[in-house]
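Enquirer: What follows is a protein structure lacking sequence information:
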């Protein structure tokens, strides 16, 4: 588990990602990463992954169909 500290950044709050996280995400300055709200209430930090987006859209569609 990697601990992140919330700190003041300009007018808002932010977290600083340690190098090991940046490397795992294969991210660099200017890239966009996503904080994805998972079904179990947790969050997933991810770079854009079209395959993952498609899977989440399918899951989201199945949940709504079951609720109807």
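Expert: Cool, got the structure. All values reported here derive from a predicted model rather than from experimental measurement.
Enquirer: for the protein, which spans come out with low pLDDT?
Expert: Counting by pLDDT under 70, the chain contains low-confidence ranges at 49, 61-68.
Enquirer: all strands for it, in order.
Expert: Remark: strands assigned in the chain by DSSP state E are 6-9, 12-15, 33-37, 43-47.
Enquirer: which residues does residue 14 contact?
Expert: Applying CB atoms under 8 Å, 6 or more residues apart in numbering to residue 14 gives the contacts 6-8. Using the backbone N, CA and C atoms, a C-beta is placed for each residue, glycine as well.
Enquirer: Correction: the previous question concerned residue 32.
Expert: Residues 47-48 are the ones in contact with residue 32 under the rule CB under 8 Å, 6+ apart.
Enquirer: Now do it against residue 45, distance only.
Expert: Noted for residue 32: a distance of 12 Å to residue 45, by CB to CB, to the nearest Å.
Enquirer: next one: residue 7
Expert: Looking at residue 7 against residue 45, where the rule is CB to CB, the gap reads 17 Å.
Enquirer: sorry, back to before: next, format the contacts of residue 14 as CSV and append neighbour count and distance to residue 58.
Expert: Listed next are these as CSV, based on neighbours: other CB atoms under 10 Å; distance: CB to CB, whole Å:
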residue, neighbour count, distance to residue 58
6, 9, 33
7, 9, 37
8, 8, 39
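Enquirer: which of those residues lies closest to residue 39?
Expert: When these are compared for distance to residue 39 (CB to CB), residue 6 comes out closest, at 24.4 Å.
Enquirer: would a markdown table of the strands of the chain with distance to residue 59 be doable?
Expert: Below are the strands of the chain laid out as a markdown table (distance: least, CB to CB, whole Å):
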| stretch | distance to residue 59 |
| --- | --- |
| strand 6-9 | 29 |
| strand 12-15 | 27 |
| strand 33-37 | 11 |
| strand 43-47 | 13 |
